[in-house]
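[1] Have a look at this prediction, sequence included:
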Amino acid sequence: MQPGGQGDWGNAVRNRPITVGDKIWVDKDSRAELQAGQATFHLGNMTALSFLNLDGPVTQVRLPEGSVNFRVREMREGDVYEIDTPNVAFTIKEAGAYRIDVAENGDGTRITAIRGQGEVTAAGQIYTVHPGERAEFVGTDASVQYTAHGAPPPDGLDRWANDRDLREDNSTSARYVNRDVPGIADLDDHGTWSEQPDVGPVWYPNDVGPDWAPYSDGAWNYVGPWGWSWVGYEPWGFAPYHYGRWGFYGARWGWIPGPIYASPFYGPAYVGFLGGGFGFGVGLGFGFGFGGGIGWFPLGFGEPFHPWYHAGFGYVHNINVNNTVIRNTNTLNAHNNFNYAYAHNEHAVTAASRNSFVNGERVNRGAANISAASLKNAQVSSNGAGVSPTRASYSGAAARTGRSVATPPSSVQNRSVMARTTPSAVAGHESVRATNTSAVAGNRGNSAANTRAAGTSSGNSSRTWAAQGNVTDRGKAPQGAGTGTRSNSVQTARVNQGDRPDWARSSANSGAAGTRNNSATNYSNRAPNTSPNRSYTPSTANRGYTPPQRTYSAPSRTYSAPSHAPSAPSHSSGGSAPRSSGGGASHGGGGGHH
């Protein structure tokens with residue numbers, strides 16, 4: 001991953017938010033998953049991807065090389081999903097699943113409509129890709145040749161993507177959490193739900209120690225436009241740290257999601273800070289020596305979150321009421337006068353030295369000598385952590401392992417793509433060529449205020465080769481899909497899992513969540529390559545990272561934080577807000593994942 005699309009590359013870290021400008025490279029024998037809004041992207045090996053836009057209803061992806069199987073779970077009014085390759089721009093018109101393969105030298109693109117329908121803009125023309133069809137575009141600029149065929153059978157990437165999507169569809173946690181929150185399927189495997197009086201459904205994590213507290217196992221990264229953002233290292237550590245609130249019930253910590261009917265609203269971390277010049281200095285018992293440390297605590301149910309980045313009142317209102325129950329909205333204006341339940345609780349407060357915090361090092365909760373006496377006079381900060389980022393803050397220590405990091409060839413990093421929608425200003429450093437058709441879409445919702453994050457994740461899975469309805473991805477493939485034969489059958493809306501082909505249903509041979517299926521991609525489905533063998537040899541060093549599990553994009557140091565609330569989704573990802581992990585559209589900027 002290359003935060004902001006510039007500077008050093010580092011290992012991608014699971015659960016890190018990813019946003020506009022961040023570049024992802026999936027190397028040999030690797031796969032990755034990113035969640036952004038209602039879309040989930042499954043990346044095959046030797047694939048480069050970045051987001052050109054995650055503003056409001058627009059999700060725009062740059063794909064200069066490689067293979068992506070992605071699914072749009074639901075299409076809503078005004079939604080724009082666009083994939084830009086070196087020679088075409090593909091726009092989704094219906095919810096469904098799609099596969100895109102870009103040739104190694106960038107002069108060929110194959111687009112398969114597994115379920116759903118889309119439009120391709122190439123060489124000044126618009127082509128429709130129908131359900132169960134694969135379209136091929138060879139050539140660049142004005143000389144692009146187009147052919148259409150029946151969709152081929154699924155390969156390893158398609159099956160893995162299908163399994164991951166089914167896991168999300170069948171998530172038990174979706175009964176309690178808005179489906180637009182990225183990473184909720186991870187909760188199923190790592191905790192249990194129960195009802196708490198006056199609060200509602202509460203999720204309790206398994207396998208945490210007696211001294212564990214929320215926001216204590218992970219690191220702080222600086223992710224624009226939100227600034228300091230928490231990256232949880234637990235396998236479930238995305239949704240509970242970027243949505244909702246935490247509470248201590250029955251001698252254990254539990255996560256309270258936001259109202260299920262409310263559009264999820266991504267936040268960098270729902271905590272209150274202590275210190276940063278506002279209470280933790282020399283002699284307060286933190287054991288960090290001269291200069292002291294920085295402390296934080298989880299916000300409880302109904303407690304207000306005050307952003308440490310620039311934000312208007314409308315944004316502050318929405319990010320709170322969409323994540324908890326605020327009984328008195330006047331508390332949203334009071335930065336220092338609220339009596340936070342866990343601000344002076346030694347079992348809730350976590351602290352780190354300034355150097356560890358700023359350098360994105362893993363938090364060691366036991367290293368701080370936190371006691372009731374040390375917290376007695378601590379003040380809740382109105383200025384967040386109160387420290388400025390350094391170069392190391394953007395990627396965090398986990399990305400800097402000292403091992404060789406595989407990176408895409410410079411030709412891929414700098415390769416331009418065709419775009420139908422105007423990219424976000426934050427992606428201004430990317431090389432983009434506007435399509436020359438009169439049907440080009442204008443700049444839609446590209447204000448930095450609505451930037452969403454996307455989430456990334458890795459694991460095993462499988463998905464269907466059937467076509468679904470126009471609005472929601474719950475259908476079957478057209479007759480003959482996956483046989484290489486074109487079909488003219490009309491797709492149907494909302495069909496249940498029984499209509500999926502056998503291979504696409506829940507099955508015993510689906511890979512376990514969180515593991516990787518390293519079977520090689522069937523390159524018979526990749527776009528034609530007219531260039532000789534690539535001169536670039538990917539790194540074969542033993543890399544110490546698992547392909548990104550959800551992430552919410554990296555820092556765009558120049559764009560300002562959201563000043564108003566993003567559009568509300570029926571299921572969101574967060575900033576998408578990644579989701580990447582973010583992730584979703586209606587998360588005030590974040591929400592992508594997995």
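    Happy to help now that I have it.
[2] contacts, neighbours, all on C-alpha from now
    Noted.
[3] which residues of the stretch 351-500 of the chain score low on pLDDT?
    Residues of the stretch 351-500 of the chain meeting the criterion pLDDT under 70: 402, 437-470, 473-500.
[4] try 90 this time
    Low-confidence segments of the stretch 351-500 of the chain (pLDDT under 90): 364-379, 381-384, 391, 394-406, 425-500.
[5] Secondary structure element holding Pro240?
    Using DSSP states H and E, Pro240 falls within helix 239-242.
[6] Relative to the whole chain's centre, how far out is that helix?
    Taking C-alpha atoms, centre = their mean, to the nearest Å, one finds helix 239-242 lying 12 Å from the centre of the chain it belongs to.
[7] Which SSE is immediately downstream of it?
    Note on helix 239-242: by DSSP H and E, the next helix or strand toward the C-terminus is strand 245-249.
[8] how deep is Pro197 tucked in, by neighbour count?
    8 (other C-alpha atoms under 10 Å).
[9] For Ile256, see how far away it is.
    Here the criterion is C-alpha to C-alpha, to the nearest Å. By it, Pro197 lies 12 Å from Ile256.
[10] returning to that earlier point: list the contacts of the helix holding Pro240.
    Identification of contacts with helix 239-242 by C-alpha atoms under 8 Å, 6 or more residues apart in numbering yields 181-184, 214-215, 230, 232, 255, 257, 266-270, 581, 591.
[11] Which of those fall within helices?
    If you go by DSSP state H, the contacts of helix 239-242 have Ile184 in helices.
[12] Could you list which of the contacts of helix 239-242 belong to strands?
    230, 232, 255 (DSSP state E).
[13] tell me the mean pLDDT over the helix holding Pro240?
    Over the span of helix 239-242, the pLDDT mean works out to 98.
[14] So which bits of that helix are buried?
    Of the residues in helix 239-242, 239-242 count as buried by neighbour count, 16 or more other C-alpha atoms under 10 Å.
[15] which among those residues gets closest to Gly250?
    Nearest to Gly250 among those: Pro240, at 18.8 Å, using C-alpha to C-alpha.
[16] if I look at that closest one, how far off is Trp203?
    From Pro240 to Trp203 the distance is 9 Å (C-alpha to C-alpha).
[17] what sits in contact with each of these two?
    Trp255.
[18] Can you get me a residue count around Ser374?
    Look at Ser374: counted by other C-alpha under 10 Å, it has 17 neighbours.
[19] sec struct for it, please.
    Here Ser374 takes the helix state, with states given by DSSP: H, G, I helix; E, B strand; the rest coil.
[20] ditto for Gly302
    coil.
[21] so who does it touch?
    Counting by C-alpha under 8 Å, 6+ apart, the residues that Gly302 touches are 245, 324-327.
[22] Among those residues, which ones are in strands?
    Per DSSP E, the subset of those in strands is Arg245.
[23] Which of the contacts of Gly302 sits closest to Pro408?
    Arg245 (39.1 Å).
[24] Was I right to think that closest one contacts Leu299?
    Yes - using C-alpha atoms under 8 Å, Arg245 is in contact with Leu299, at 5.9 Å.
[25] of these two, who's got more company?
    Arg245 (29 against 23).
[26] So the more buried one versus Ile24, what's the distance?
    From Arg245 to Ile24 the distance is 30 Å (C-alpha to C-alpha).
[27] can you point me to the longest helix in this protein?
    helix 156-169.
[28] How about the contacts made by the spatially closest residue to Val88 that is not a sequence neighbour?
    Distance criterion C-alpha to C-alpha, 6 or more residues apart in numbering; nearest residue to Val88, sequence neighbours excluded, is Ala122 at 4.8 Å. For Ala122, the contact set (C-alpha under 8 Å, 6+ apart) comprises 87-89, 141, 144, 435.
[29] Val61 now?
    The contact partners of Val61, by C-alpha under 8 Å, 6+ apart, come to 49-53, 82-84.
[30] Try it again at 10 Å.
    Applying C-alpha atoms under 10 Å, 6 or more residues apart in numbering to Val61 gives the contacts 20, 49-54, 81-85, 89-90, 417, 419, 423.
[31] among those residues, which are in strands?
    Cross-referencing these against strands under DSSP E gives 49-53, 81-84, 89-90, 417, 419.
[32] Next, count neighbours for Ser382.
    Ser382, neighbours per other C-alpha under 10 Å, totals 18.
[33] just the one 4 residues further on next, same as before
    Number of residues near Gly386 (other C-alpha under 10 Å) recorded here: 16.
[34] right, and it touches Trp308 too?
    Yes - if you go by C-alpha atoms under 10 Å, Gly386 and Trp308 touch, sitting 8.8 Å apart.
[35] Overlap in contacts, the two.
    By C-alpha under 10 Å, 6+ apart, Gly386 and Trp308 have these common neighbours: Phe273.
[36] what about the residue lying closest to Asp27 once chain neighbours are set aside, distance to Gly312?
    Nearest non-adjacent residue to Asp27, counting by C-alpha to C-alpha, 6+ apart: Met46, 4.7 Å away. Applying C-alpha to C-alpha, the value for Met46 to Gly312 is 41 Å.
[37] the more surrounded of the two?
    When neighbours are counted by other C-alpha under 10 Å, Met46 and Gly312 differ, and Met46 comes out ahead with 19 against 15.
[38] before we move on, back to that, so which of the ones in strands among the contacts of helix 239-242 comes closest to Gly295?
    Nearest to Gly295, judged by C-alpha to C-alpha, of the ones in strands among the contacts of helix 239-242 is Trp230 at 13.1 Å.
[39] Is there a neighbour count for the closest one? I'd like the number.
    Neighbourhood size, Trp230 [other C-alpha under 10 Å]: 28.
[40] OK, contacts around it?
    For Trp230, the contacting residues are 15-17, 215-223, 237-238, 241-242, 267-271, 360, by C-alpha under 10 Å, 6+ apart.
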